[in-house]
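Chemist: sequence? don't have it. structure:
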Ligand SMILES: Nc1nc2c(ncn2[C@@H]2O[C@H](COP(=O)(O)OP(=O)(O)OP(=O)(O)O)[C@@H](O)[C@H]2O)c(=O)[nH]1
Ligand SMILES: [Mg+2]
């Protein structure tokens, strides 16, 4: 009976082979309906090469039996794929260490000075809370500085002394002055171009390195070779949106035959009547550069307010800042304060930044009696 039945079907198929066509077609259509979306997504991902990450943004399949498929895909997401940060919980307070606030130290670097690097490494703020960002000009000098910093990093790493949270080295994609000699870079006529290029470099640096966990940004020029190890704590202690240290320079005084110090950075200033008058008289596209006899603004300069016997915590409100050693609450940058590479109220770069921070409603201060030292060429 069983044999008969099997023979019956086989004989039937032999006689009418086309009778199988309808059920096979039906099965094929059902297969396409349920599985087509997954096969097309896997073929598109495999076509992008073997490097393709495992997770996928594929939309939910419309198939009836596919409800579990998406949870499998989500399970494959890397842990940090979606990160949540509540910027309301990101603080920048006068006691940053106890709050474990992260600091991003940013340095445009055309020259590598070992004294800068040594000083940086001596900062007593917890290095695991510090990230470093550097930007180098694409000049021979920039190549050289980059190489030297890389060597210093390798050495520190080998000695197990490199504890910073993250270090980012950027190569500038904008132009730089050809000559960085002291005389050439200080010539009055190159200031607008030079400062404009510096502004672009600073903007690239901050916009590519600031992270959702950055509380503070410390701008520290590569030629600042001496600060107190407590620089970050000291500046943050004032809890100001923008706060500049006073940049001085050590030198040997030939007259007194003694080591001495002198003011160096004149970009920390308070606006003056004369400065405003000059600004009003200038064509829209012209800038005022401070510290040049060609353009006497009579602005009170913080450099001249240093009092050796004064309180190091004395604050003074400023309208312009330099870039030597300036601590900025990261929110000031997040709100959009950057370094204008174009005349902004006739100001540019760091001085334009101070103006922009003020226009955003932030106060700008300096510490006339808190000195940091600029390299002496
Ligand atoms: N990325 C980049 N950094 C630069 C360039 N020129 C200068 N720097 C760095 O930017 C900072 C400020 O440059 P400085 O030449 O010192 O300018 P300054 O402090 O305004 O002026 P002086 O110190 O008086 O010459 C320093 O850290 C330099 O190493 C440049 O073209 N590109
Ligand atoms: Mg300098």
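Modeler: Looks like it came in fine. These numbers come from a predicted model, not from an experiment. Numbers count the residues shown, from 1 in each chain. Ligands and ions are numbered 1, 2, ... in the order given.
Chemist: what is residue 130 paired to in the beta sheet?
Modeler: Here residue 130 sits in beta bridges with residue 103, going by DSSP bridges.
Chemist: please begin residue numbering at 131 from this point
Modeler: I'll keep to 131 as the first residue from here, and by that count the last item is residue 260.
Chemist: Could you tell me the phi and psi values at the residue of the stretch 381-507 of the chain found nearest ligand 2?
Modeler: Nearest to ligand 2 in the stretch 381-507 of the chain, going by CB to the ion, is residue 504, at a distance of 5.8 Å. (Glycine included, C-beta is placed from N, CA and C.) Phi and psi for residue 504, reported as degrees, to the nearest 10, are phi -90, psi 140.
Chemist: Surely residue 361 touches residue 375?
Modeler: Yes - shown here, residue 361 and residue 375 form a contact pair, counting by CB atoms under 8 Å, at 7.5 Å.
Chemist: and the residue of the stretch 381-507 of the chain closest to ligand 2, how many neighbours?
Modeler: The tally of other residues near residue 504 (other CB atoms under 10 Å) stands at 21.
Chemist: residue contacts, it?
Modeler: Taking CB atoms under 8 Å, 6 or more residues apart in numbering, we find residue 504 in contact with 351, 353-355, 377-379, 394-395, 454.
Chemist: if we go to 7 Å?
Modeler: Counting by CB atoms under 7 Å, 6 or more residues apart in numbering, residue 504 makes contact with 353-354, 377, 379, 394-395, 454.
Chemist: Identify the contacts common to residue 361 and residue 375.
Modeler: residue 455.
Chemist: Between those two, point out the one with more neighbours.
Modeler: Between residue 361 and residue 375, counted using other CB under 10 Å, the more crowded position is residue 375 (29 against 24).
Chemist: After whichever strand or helix holds the more buried one, which helix or strand is next?
Modeler: Element membership for residue 375, per DSSP states H and E: strand 372-383. Remark: after strand 372-383, the chain's next helix or strand is strand 388-393, criterion DSSP H and E.
Chemist: Pull the distance from that next one to the chain's centre.
Modeler: Offset of strand 388-393 from its chain centre (CA atoms, centre = their mean, to the nearest Å): 34 Å.
Chemist: for stretch 415-423, same thing?
Modeler: Here stretch 415-423 is found 28 Å from its chain centre; the criterion is CA atoms, centre = their mean.
Chemist: Check stretch 377-395 too.
Modeler: On CA atoms, centre = their mean, the centre of stretch 377-395 falls 34 Å from the chain's centre.
Chemist: Equivalent analysis for stretch 429-440, please.
Modeler: How far stretch 429-440 lies from its chain's middle: 31 Å, per CA atoms, centre = their mean.
Chemist: Report the buried residues of it.
Modeler: Within stretch 429-440, the residues scored as buried using 16 or more other CB atoms under 10 Å are 429-433, 435-436.
Chemist: again with stretch 341-355
Modeler: Applying 16+ other CB under 10 Å to stretch 341-355 flags 343-355 as buried.
Chemist: got a list of contacts for it?
Modeler: 215, 220-222, 226, 231-241, 243, 245-246, 249, 336, 340, 362, 366, 453-460, 463, 502-505.
Chemist: Filter those down to just the buried residues.
Modeler: 220, 222, 226, 231-241, 243, 246, 249, 336, 340, 362, 366, 453-460, 463, 502-505.
Chemist: List, out of the residues you listed, those positioned next to ligand 1.
Modeler: Among those, the ones lying near ligand 1 by CB under 6 Å from any ligand atom are 237-241, 453.
Chemist: Tell me if residue 349 really is in a strand.
Modeler: Yes - counting by DSSP: H, G, I helix; E, B strand; the rest coil, residue 349 is found in a strand.
Chemist: That one pairs with what?
Modeler: Bridge pairing for residue 349 - DSSP bridges - gives residue 236, residue 456.
Chemist: And it, how far from residue 374?
Modeler: Distance from residue 349 to residue 374, counting by CB to CB, to the nearest Å: 9 Å.
Chemist: Noted, bye for now.
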